[in-house]
Every structure is written in structure tokens, then in C-alpha cells.
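J.: Please work out how this folds:
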Amino acid sequence: MIVVTGVVTAKPETVAGLTQAAREHVHRSRGEPGCVSHHVAVDADDPLTLHFIERWENAEALKAHFAVPESRAFWRRLKELAADPGHMQVYEAERIRI
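T.: Next up, the predicted model:
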């Protein structure tokens with residue numbers, strides 16, 4: 001399984017637009033082949049900061065997600081609206097039982 005985490009900080013005047021764009025992106029992405037889960041949340045300590053967490057069946061599904069024109073358009077929109085486009089990290093994960 002592939003896990004993606006990301007953080008982006010909006011400008012005060014763009015937080016509503018960025019949040020809406022993020023929600024649309026998340027909801028659309030959930031329907032893509034190989035998407036296990038896709039979420040965005042507002043930081044409890046900084047309401048201008050959004051956190052993303054995604055789970056994909058494999059690297060091929062994630063690469064296909066990045067190639068979708070709407071995903072590329074979201075990335076461009078995010079950079080327009082962000083005060084700090086933050087960072088994204090990709091992990092290979094294994095589910096374990098504790």
C-alpha cells in the first residue's frame with residue numbers, strides 16, 4: 001500500500017477557495033481506481049493549514065492519479081491559492097496487526 005501525506009497553508013483571503021478546491025479534489029479522487037481512501041482536514045491549531053492523507057493500492061494507481069488532468073489542475077490551483085504550498089511525502093506501507 002502507498003500512503004501520501006501533504007500539508008498546505010492558505011492565505012487568509014484564499015482559505016475558503018483552497019478548502020473548497022481541496023474537498024472537490026478529495027471527493028473526485030475517491031472514485032479513482034486504486035484509491036483506498038483520500039481525506040483532507042483543517043489543522044486544529046492553524047485553520048489556514050490543510051492536511052491531506054491518502055492511501056492507494058499501489059504505486060501504479062498513485063502515478064495514474066497524478067496523471068489525471070483534474071489532479072494536475074488541482075495542483076496548479078493549490079499553488080495559486082497557497083501562502084505556502086507545503087510539502088507532500090509518499091510512503092510504502094504495510095498493514096500490521098498489533
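
J.: Just to check, S29 is in contact with V40?
T.: No. Between S29 and V40 no contact is recorded; they are 10.0 Å apart, counting by Cβ atoms under 8 Å. C-betas here are computed from N, CA, C, even on glycine.

J.: the longest helix in this structure is where?
T.: Within the chain, and with DSSP state H defining each element, the longest helix by residue count is helix 15-29.

J.: any weak-confidence spans in this protein?
T.: Applying pLDDT under 70 to the predicted model, the chain contains no residue that meets it.

J.: the helices in it, which residues?
T.: Taking DSSP H to define them, one finds helices in the chain at 15-29, 59-67, 69-81.

J.: buried sites along the longest one?
T.: Going back to what we said before, that points to helix 15-29. The neighbour-count check on helix 15-29 (16 or more other Cβ atoms under 10 Å) flags V15, L18, T19, A21, A22, H25, V26, S29 as buried.

J.: again with the shortest one
T.: By neighbour count on 16+ other Cβ under 10 Å, the buried set for helix 59-67 is A61, L62, A64, H65.

J.: Rebuild these as TSV, extending it with distance to E92.
T.: Formatted as TSV, the entries for these read as follows, by distance: Cβ to Cβ, whole Å:
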residue	distance to E92
A61	13
L62	10
A64	17
H65	16
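
J.: mind listing what R72 touches?
T.: Under the criterion of Cβ atoms under 8 Å, 6 or more residues apart in numbering, the neighbours of R72 are F66.
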